[in-house]
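*Asks:* structure of the sequence below:
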Amino acid sequence: MNSTKDSWFILSAYVDTKLLKYLWFIILTSLYALIIICNVLLTVVICVNRSLHEPMYMFLCSLFVNELYGSTGLFPLLLVQILSDVHTVSIPFCFLQVFFLHTYGTTEFGNLAIMSYDRYLAICFPLQYSSRMTANKVKVLVAAAWFHSFLIVISTTSLSFSLQLCGNVINKVYCDNYSVVKLACSDTTVNNVYGLFVSVSSVFLLLSLIVYTYMRILRVCYSGSRQTRQKAISTCIPHLVSLINFGFGGLFEIMQSRFDMSRVPNLLRIFLSLYFLTCQPLFNPLMYGLNMSKIRNSCKKLFSFK
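*Replies:* Numbers count the residues shown, from 1 in each chain. Okay, the predicted model is just below:
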């Protein structure tokens, strides 16, 4: 990598909170522990309970594993930086975090798109659901979501790593790809074209799939019986809420990265940038764990001493 003489990046968004940094450290450590416990618990419950080896729960398992993956890419460095007086990170480690966080985001979106397709088949084709959503198809869809994410992020990170940088200050509390590209003094045309291609081929196509499936689901709800509407609502609400939460987090991240946020208070900017990576991993297991009776009952059985 051609860069400045520095071999590290400075994360300049951290504020000097003096002794309050220990309070923030305790709060974020507790949040990380809660995320780990909730996602590991539900992953284990789904894996060990054969009655939950259905497509919907397998997709949820992939979602929970991705929450663990993304949190691991964020929290360890974040906790170290909070206690440190010098907020620097080595260039290789920074790009490693970029890889973790971007694969987390793209895999999350892919999982949510697959889950919307699964709900579409379950509600619009209930009698053919078992033949359309087979165990092999579930494996292929989950593998495709992860493989596609890793493939495009490896390419994106490789292009960014080859840039010549004329600065080393990232105005965030973690590393992200766009912040690194903004430091480049070499030609970034390839990066921009590839980024546009990825946005069109990935985000647009997955978003189109989600919109299409929910339009079909709404049509069935309007034309179907009351029982059909209740079933559709009960199975789609957790996914819809998770999707909206993810969308808001993504919007906050775009605003933080693409627009001038200098007039926004620093603490609010930090919150907006972290919302995308902290609320979703905690929100999803709580939402699905509390709303789905099969998961609740399985958790009770797991901890039952009878």
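*Asks:* list the contacts for C94?
*Replies:* With contacts defined as CB atoms under 8 Å, 6 or more residues apart in numbering, the neighbours of C94 are 8-9, 170, 175, 180. In this view, the C-beta of every residue, glycine as well, is placed from N, C-alpha and C.
*Asks:* and I244, what element?
*Replies:* Element membership of I244, judged by DSSP states H and E, is helix 226-258.
*Asks:* now that helix: average pLDDT?
*Replies:* Along helix 226-258, the predicted confidence averages to a pLDDT of 81.
*Asks:* what packs against that helix?
*Replies:* Of the remaining helices and strands, those touching helix 226-258 by 3 or more CB pairs under 8 Å, 6 or more residues apart in numbering; DSSP states H and E are helix 91-124, helix 177-181, helix 205-223, helix 266-291.
*Asks:* again, 6 Å this time
*Replies:* If you count contacts as 3 or more CB pairs under 6 Å, 6 or more residues apart in numbering; DSSP states H and E, helix 226-258 packs onto helix 91-124, helix 205-223, helix 266-291.
*Asks:* quickly name whichever of the contacts of C94 is closest to S155.
*Replies:* The shortest separation between S155 and any of the contacts of C94 is 14.8 Å, and it belongs to V180 (by CB to CB).
*Asks:* for the closest one, give its distance to E253.
*Replies:* V180 sits 15 Å away from E253, taking CB to CB, to the nearest Å as the criterion.
*Asks:* which residues are in contact with stretch 135-149?
*Replies:* When contacts are defined by CB atoms under 6 Å, 6 or more residues apart in numbering, stretch 135-149 is touched by residues 55, 58, 62, 103, 106-107, 110-111, 114.
*Asks:* columns pLDDT, distance to R263 and neighbour count on top of the residues you listed, output as JSON lines?
*Replies:* Listed next are the contacts of stretch 135-149 as JSON lines, based on pLDDT from 0 to 100; distance: CB to CB, whole Å; neighbours: other CB atoms under 10 Å:
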{"residue": "P55", "pLDDT": "92", "distance to R263": "47", "neighbour count": "22"}
{"residue": "M58", "pLDDT": "93", "distance to R263": "46", "neighbour count": "20"}
{"residue": "S62", "pLDDT": "95", "distance to R263": "40", "neighbour count": "23"}
{"residue": "T103", "pLDDT": "94", "distance to R263": "32", "neighbour count": "23"}
{"residue": "T106", "pLDDT": "92", "distance to R263": "31", "neighbour count": "24"}
{"residue": "T107", "pLDDT": "95", "distance to R263": "34", "neighbour count": "24"}
{"residue": "G110", "pLDDT": "94", "distance to R263": "35", "neighbour count": "22"}
{"residue": "N111", "pLDDT": "95", "distance to R263": "36", "neighbour count": "27"}
{"residue": "I114", "pLDDT": "95", "distance to R263": "39", "neighbour count": "22"}
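*Asks:* in a markdown table, list those residues along with distance to S90.
*Replies:* Output for these, formatted as a markdown table (distance: CB to CB, whole Å):
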| residue | distance to S90 |
| --- | --- |
| P55 | 42 |
| M58 | 38 |
| S62 | 31 |
| T103 | 20 |
| T106 | 24 |
| T107 | 25 |
| G110 | 30 |
| N111 | 31 |
| I114 | 36 |
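*Asks:* and which of the residues you listed is nearest to V193?
*Replies:* Within the contacts of stretch 135-149, the smallest distance to V193 is 18.2 Å, found for T106 (CB to CB).
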